[in-house]
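Trainee: Sequence and predicted model, in that order:
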Number of protein chains: 2
Amino acid sequence: MTTTTVTPLRLDDLHASLADPLLDAMTFLNEVTERYPDALSFAPGRPHEGSFEPEDVHTYLDTYLAHLAERGLSGGAVRTALFQYGPTKGIVADLVARTLANDEGLDVAPEALVLTVGAQEGMLLVLRALCATPEDVLLVSSPCYVGVTGAARLLDLATVPVPEGPGGGPDPDAVHEAARAVRASGRRPRALYVVPDFANPSGTSMPVAARAGLLATAAEEGLLVIEDNPYGFFAREEGARPTLKALDGNRGRVVYLGSFAKTCFPGARLGYVVADQPVVAPDGRTTLLADELAKLKSMTTVNTPALSQAVIGGMLLRHDCRLRAANAPARTHYAANLAVLLRELERHFPAAERERLGVSWNEPAGGFFAVLEVPFTADGAAMERCARDHGVLWTPMAPFYPAGGGERRLRLSISALSGPRIEQGVTRLAAFIRSARDRAAAG
Amino acid sequence: MTTTTVTPLRLDDLHASLADPLLDAMTFLNEVTERYPDALSFAPGRPHEGSFEPEDVHTYLDTYLAHLAERGLSGGAVRTALFQYGPTKGIVADLVARTLANDEGLDVAPEALVLTVGAQEGMLLVLRALCATPEDVLLVSSPCYVGVTGAARLLDLATVPVPEGPGGGPDPDAVHEAARAVRASGRRPRALYVVPDFANPSGTSMPVAARAGLLATAAEEGLLVIEDNPYGFFAREEGARPTLKALDGNRGRVVYLGSFAKTCFPGARLGYVVADQPVVAPDGRTTLLADELAKLKSMTTVNTPALSQAVIGGMLLRHDCRLRAANAPARTHYAANLAVLLRELERHFPAAERERLGVSWNEPAGGFFAVLEVPFTADGAAMERCARDHGVLWTPMAPFYPAGGGERRLRLSISALSGPRIEQGVTRLAAFIRSARDRAAAG
């Protein structure tokens, strides 16, 4: 490695987010995971790779380019679309809009869409646009996906956690309370971030009535709702709940974040924002929030790679812009895995036993994640002991609680495993839990 | 379009960068360009598409995947590398490091590299990491690429312009003066952004002595230098000047931003940062600045698309990690175009004539851009009249001057045109200049 001779930089003299305990925790967890590459892992939220083949990339790309030619583009124009800089809002908004209509019953104008480098970039843009001053505050459901709290830290934005209610999703009373408390402190609650379907990390989902209730609460408090929906397709039972965006109709209460990471594949890093809210300038000109997000995007990544958009565009065309149907095998896979996990937990910890030990878990209706409560501190050190002594990895929940909490909870992901591996993993995990419990009791 | 029924958002209630005159100007210029699609355009900084073919994408992708297999990765591991989430710092750092060694004589450890979504994301990450407090200030050469001033606006960072000296690049005395003035105001000048080769928009380049002088000045003032180098390969004459990073050796004074947009193609949106500076945490642990940038990147885009990295990685392999040689035909094309532009300007405005009219231009030694000084205000309105009445587009320079200036200057880009089109364009432009000058004189 090149050695440098200047005075080193000091971490505490760089941006404060870099010294955030959340980031330290995430870095540590990644390091542990890398140190135990052979451990059986309930940690990553990776999609199943069942039907991915490198050859498909060629097919999807050719499909998209042929589609452009069919639409009348010359060979030169097709080449330009693939190789050059492109429009900041993206080039496949029409296909994404058709897919949203087919899969979610959403009536979205293509011009209200911004294609982004993963939903993460969309989140960053939305937070930046909406939270304009140090007085603007983002409410987040708690436990909360670390990508949101992390993006807010990068932008120096304040977040206030709102606890999930017993039914899943932020409790309406808690939303009212948080909004009032923020206002009482002289600040302004601007928006509420929520994952209504199979949330990361809790795995919980909001019933339809709770969704309508949350929209009503948001309207009363003057909050926009930022709905993040990476897992909506992966229910254990057939059928899906309407998105908040669909329930809201044309009222403009919801900014919707979409991702193709779980429904297509993560390596394209393609996501999008639906932002159909009108924005009025002081001179009376009206744009869409999507146009304003695009202005910001020109300062983050200029535009989303045409290559990624073309490959995912081709994939959408191949599936007739119906990803829900295309993901039926994946849904079956995740549902079966979740059933195995819950069955094995039950087998290792029958009711009397889990009462005795102080072990419990939730029973998500779908998605990638379940949460296990254990009778000891489930932190990074515990995770490392578990990896070393029992060959199994998981994710501590505490980093997902912005205001503290979750110290005795861990997240189990079943998305990237097979049934037999889950059986084996729960056997190892059960042995670890018993030994850690004994250790804590002796401690 | 879906109509919404909630109260519209107010632009002046969103983030201040969205109401920035710079962004308004850029949006207006894009709109004008779109309104005159048939105009001959000296506006965009697009690379020449001479040798791009969609089939090449397949070849490059297959080349990279075969390379992974040759390195011993199983079929499953190759699939995972392409389709899944990947390491935040990227997967082709080894190939980029080899290319930097071959092309620039830079000795860069792969772990000091972060692959980014274009150089733009790299810029955002570097600014965010380095400018930690409201007291931290970024010095920028003026005129300055709008992507830097835009990224700073998004992050609420202050920038202070440093005028370019007569030889190109920021004048060392002006750097001292700006740094002292910033300190006198109670703030801290943290870094200086500079494009030493064929800068956008001025087209100027720094002589070798000026590069060494700038590094010495930066050392005296305790500034890091952010070197952005998208155009370095495109000199009019054979031979290249050493980068600031190469001149700095192992002293860690320079953070280097690279881009494959001009040397490979923009549609992959692949760039990188070389950040080999050590960073010491309060507990004594030492990381590289690249590791800290990666933490921030996990909150902007999670990771750079594997798809883009694989295709550019394959392109690097195909060219034996020597992009300078691979770009010889492009260099010849740009050099010939620049020569045509300068010849045609001379033909339409011989010395006596340009003295009489008040017209002048610079003579860049390479790159995509030249700057023309005209005897009238070269703003958006003038640009629109020129497009409408003369069928030719260009870029006003004023938005590139953070502290004002450049009102009578315009930028001409020759990268995406052919010689005959440039001849035709200068003929049209000369007619416009004469008519606009008469109009201004008539007042």
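Mentor: Perfect, I can see it now. Given the structure is predicted, the values throughout are model-derived calculations rather than measurements.
Trainee: low-confidence ranges in chain A?
Mentor: Applying pLDDT under 70 to chain A flags residues A:1-6, A:239.
Trainee: go with 50
Mentor: Counting by pLDDT under 50, chain A shows low-confidence ranges at A:1-4.
Trainee: How is it divided into domains?
Mentor: Here the domain parsing of chain A from automatic domain parsing is A:15-44+A:327-441, A:57-326.
Trainee: Can you confirm whether stretch A:302-315 lies near chain B?
Mentor: Yes: applying CB under 8 Å from any CB of the partner chain, one finds stretch A:302-315 touching chain B at A:V302, A:N303, A:T304, A:P305, A:A306, A:L307, A:S308, A:V311. For every residue, glycine as well, the C-beta is placed using N, CA and C.
Trainee: Which of those residues ranks first by neighbour count?
Mentor: Sorting the residues of stretch A:302-315 next to chain B by how many neighbours each has (other CB atoms under 10 Å in any protein chain shown) puts A:T304 first, at 32 neighbours.
Trainee: mind listing what the closest residue in space to that residue that isn't next to it in sequence touches?
Mentor: Distance criterion CB to CB, 6 or more residues apart in numbering or on different chains; nearest residue to A:T304, sequence neighbours excluded, is A:L115 at 4.6 Å. A:L115 makes contacts with A:K89, A:G90, A:I91, A:V92, A:A93, A:V96, A:L270, A:G271, A:Y272, A:T304, A:Q309, as judged by CB atoms under 8 Å, 6 or more residues apart in numbering or on different chains.
Trainee: Could you do A:M206 as well?
Mentor: A:G167, A:G168, A:G169, A:V194, A:P196, A:D197, A:L214, A:R241.
Trainee: Kindly indicate which of these lies nearest B:P375.
Mentor: Here the nearest of those to B:P375, counting by CB to CB, is A:V194; it sits at 58.7 Å.
Trainee: what's the neighbour count on the residue lying closest to the closest one once chain neighbours are set aside?
Mentor: Using CB to CB, 6+ apart and skipping the chain neighbours, the partner closest in space to A:V194 is A:S141 (5.0 Å). Counted by other CB under 10 Å, the residues lying close to A:S141 total 30.
Trainee: Name the SS class of A:S141, please.
Mentor: Following DSSP: H, G, I helix; E, B strand; the rest coil, we place A:S141 in the strand state.
Trainee: Starting from A:V182, give me the distance back to it.
Mentor: 15 Å (CB to CB, to the nearest Å).
Trainee: repeat for A:L357
Mentor: Taken as CB to CB, the span from A:L357 to A:V182 is 40 Å.
Trainee: quick revisit: so which strand or helix has the residue nearest to A:T304?
Mentor: strand A:113-117 (DSSP states H and E).
Trainee: Could you list the paired strands of that strand along with their orientation?
Mentor: Here strand A:113-117 is paired, per DSSP bridges, with strand A:270-274 (antiparallel).
Trainee: distance between the partner strand and the chain's centre?
Mentor: Mean-position distance between strand A:270-274 and its chain equals 12 Å (CA atoms, centre = their mean, to the nearest Å).
Trainee: residues of whatever helix or strand A:M383 lives in that come out buried?
Mentor: Assessed by DSSP H and E, A:M383 sits inside helix A:380-390. Buried residues in helix A:380-390, counting neighbours by 16 or more other CB atoms under 10 Å in any protein chain shown, are found at A:G380, A:A382, A:M383, A:E384, A:C386, A:A387, A:H390.
Trainee: Let me see the contact set for the second one.
Mentor: With contact set as CB under 8 Å, 6+ apart, A:A382 has these partners: A:F376, A:P396, A:A436.
Trainee: Could you pick out the buried ones from those?
Mentor: A:F376, A:P396, A:A436.
Trainee: Looking at the contacts of A:L115, which are in helices?
Mentor: Judged by DSSP state H, the contacts of A:L115 include A:A93, A:V96, A:Q309 as members of helices.
Trainee: nearest to B:N102, of those residues?
Mentor: Nearest to B:N102 out of the ones in helices among the contacts of A:L115 is A:Q309 (CB to CB; 31.5 Å).
Trainee: which residue sits closest to the closest one, ignoring its sequence neighbours?
Mentor: A:V92 (4.7 Å).
Trainee: And A:A310, by the same measure?
Mentor: Nearest non-adjacent residue to A:A310 (CB to CB, 6+ apart): A:Y64, at 4.4 Å.
Trainee: try A:D13
Mentor: Going by CB to CB, 6+ apart, A:D13 has B:A132 as its nearest residue, at 6.4 Å.
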